[in-house]
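1. got a predicted model here, sequence first, then my questions.
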Amino acid sequence: ALQPGATGPLTGRHVLITSGPTHEPIDPVRYIANRSSGKQGHAIAEAAIEAGATVTLVSGPVSLPDPAGARIIRVETAREMLDAVEHALPADLFVATAAVADWRPSRQNDSKLKKHSDGEPLALSLIENPDILATVGRSASARPRLVIGFAAETDRLLEHATAKLDRKGCDMIVANDVGPTTGVMGGDRNTVHLVTRAGIESWPTLSKIDVARRLIARCAETLTGILP
Ligand code: CTP
Ligand code: CA
């Protein structure tokens, strides 16, 4: 960690990170969510602070301590996350680690849904949420110089990650295998593959903070090459 007044490789840079899941309300007491713990995103915020950056962390609901020194914006839904991200720009580096819910209920009920008295199934209609990473990565006016996405895949990992690189206007996709044999979601370790237009680099299984530190070091190097 930096001593007060010391400078690091990201001193003077603004790093914007999304982390955690989003919650999409069905009614006042129920929501749709996913198994993201926020550990990898919060670790990236810590590593960026260690490297001297000014860090904004937009976080969905997680049960983790706040990384010391980051500006934290807490949100619940994907649409709130997009709004917070857009307000936090400009940034030099955007890292999208959040597991944004792909869908939300098409209508939010103002009162608690009651069971059908006849035991009929409940049909929920879902609509797609905005894609935060694609919005930032393809922004004509506010695109950070470096835009990095994550992709948790259970199968055909590299093929899916490569497609996301282009679709979302990213410089890099950090693909992690969440198949049954490797990185179970919520754990403390991660096995990742860096997918860029230059090719694919596979890292050994590391703790999430080590993945974060190596990734931030790589981003700092790249930014030094492209920014004044
Ligand atoms: N992402 C985002 N907003 C969304 C969905 C995804 O910002 N609405 C970001 C995630 O934070 C991640 C990247 O996009 O960095 C890839 O997420 P992923 O769920 O793998 O991609 P999707 O496009 O949602 O595709 P899939 O059908 O595989 O879920
Ligand atoms: Ca998704």
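-> Looks like it came in fine. Ligands and ions are numbered 1, 2, ... in the order given.

2. contacts and neighbour counts: CA atoms only from here.
-> Will do.

3. could you list every helix and strand in contact with the helix or strand of the chain with the lowest mean pLDDT?
-> Scoring the helices and strands of the chain by mean pLDDT, DSSP states H and E places strand 189-190 at the bottom, with a mean of 88. Secondary-structure packing of strand 189-190 (3 or more CA pairs under 8 Å, 6 or more residues apart in numbering; DSSP states H and E): strand 206-207, helix 208-226.

4. paired strands for it, with orientation please.
-> Applying DSSP bridges, strand 189-190 is found paired with strand 206-207 (antiparallel).

5. show me which residues of this protein sit near ligand 1.
-> 96-100, 102, 129-133, 149-152 (CA under 6 Å from any ligand atom).

6. pull out the buried members of those.
-> Buried residues within the residues of the chain next to ligand 1, counting neighbours by 16 or more other CA atoms under 10 Å: 96-100, 129-133, 149-152.

7. min pLDDT across those, which one?
-> Minimum pLDDT across those is recorded for A152, with 85.

8. that one belongs to a strand?
-> Yes. Membership of A152 in a strand is supported by DSSP: H, G, I helix; E, B strand; the rest coil.

9. list the residues that contact it.
-> A175, N176, D177, V178 (CA atoms under 8 Å, 6 or more residues apart in numbering).

10. cool, and H116?
-> Counting by CA under 8 Å, 6+ apart, H116 has contacts L122.

11. who's A152 bridged to?
-> With DSSP bridges as the rule, A152 is bridged to N176.

12. mind starting the numbering at 490 from now?
-> All set: I'll call the first residue 490, so the last point we hit is now A641.

13. just for the protein, where's the confidence low?
-> Counting by pLDDT under 70, the chain contains low-confidence ranges at 490-495, 668-674, 717.

14. out of the contacts of A641, who's nearest ligand 1?
-> Distance ranking of the contacts of A641 against ligand 1, using CA to the nearest ligand atom, places A664 first at 8.4 Å.

15. of all the helices and strands packed on strand 678-679, which one comes closest to P550?
-> helix 697-715 (18.9 Å; CA to CA).
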